[in-house]
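> Give me a 3D structure for the following:
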Amino acid sequence: MLHERRIVPTEVAEVMPQHKSAAKRMKTGKRDQLRNTAVKSELKTILRKAAQDAGNESVMRTAASTLDRAARKGVIPKAVANRRKSRLARLRNRLKKVS
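Residues are numbered from 1 along each chain as shown. Predicted coordinates for the structure are as follows:
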């Protein structure tokens, strides 16, 4: 056969670290990943609630606060938080004009 296909594994096997600092980085990386996943999940839930009830000021304030907190923690970039807050504000303003 001239052209053999290489089989590429779908999952990357975890490699045992050779240095103490690499082992710590793996541990802290896993911890940070779990925390970031939890924060993003909470953020999605709050944004969904805010989009459904855009007229409610307290829900909008909570959404903005949660976005700012996620940006401060480094879970999402600051520009992404600002863009999402802007979109929520535009939605709220559109609803105010209609009613």
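> Leaving out chain neighbours, which residue sits closest to Glu14?
Of all residues beyond its chain neighbours, the one nearest Glu14 is Met26 (7.8 Å), with distances taken as CB to CB, 6 or more residues apart in numbering. Yep, even glycine has a C-beta here, placed from its N, CA and C like the rest.
> Quick check, the one you found in contact with His19.
No. If you go by CB atoms under 8 Å, Met26 and His19 don't touch, sitting 10.6 Å apart.
> If you count surrounding residues, which of these two has more?
For Met26 and His19, the more surrounded residue by other CB atoms under 10 Å is Met26, and the numbers stand at 14 against 8.
> List the buried residues for stretch 89-96?
Under the neighbour-count criterion of 16 or more other CB atoms under 10 Å, stretch 89-96 has Arg92 buried.
> roughly how far is that stretch from the heart of the chain?
Relative to its parent chain, stretch 89-96 has a centroid offset of 24 Å by CA atoms, centre = their mean, to the nearest Å.
> Likewise for stretch 41-51?
11 Å.
> ok, and what's touching that stretch?
59-60, 62-63, 66-67, 70, 75-76, 84, 88, 91 (CB atoms under 8 Å, 6 or more residues apart in numbering).
> Would you check which pair of these lies furthest apart?
Val75 and Leu91 (22.5 Å; CB to CB).
> Look up how far Val39 lies from the residue nearest to Glu14.
21 Å (CB to CB, to the nearest Å).
> hang on, the earlier thing: just the element for the residue nearest to Glu14, please.
Per DSSP states H and E: Met26 is located in helix 20-52.
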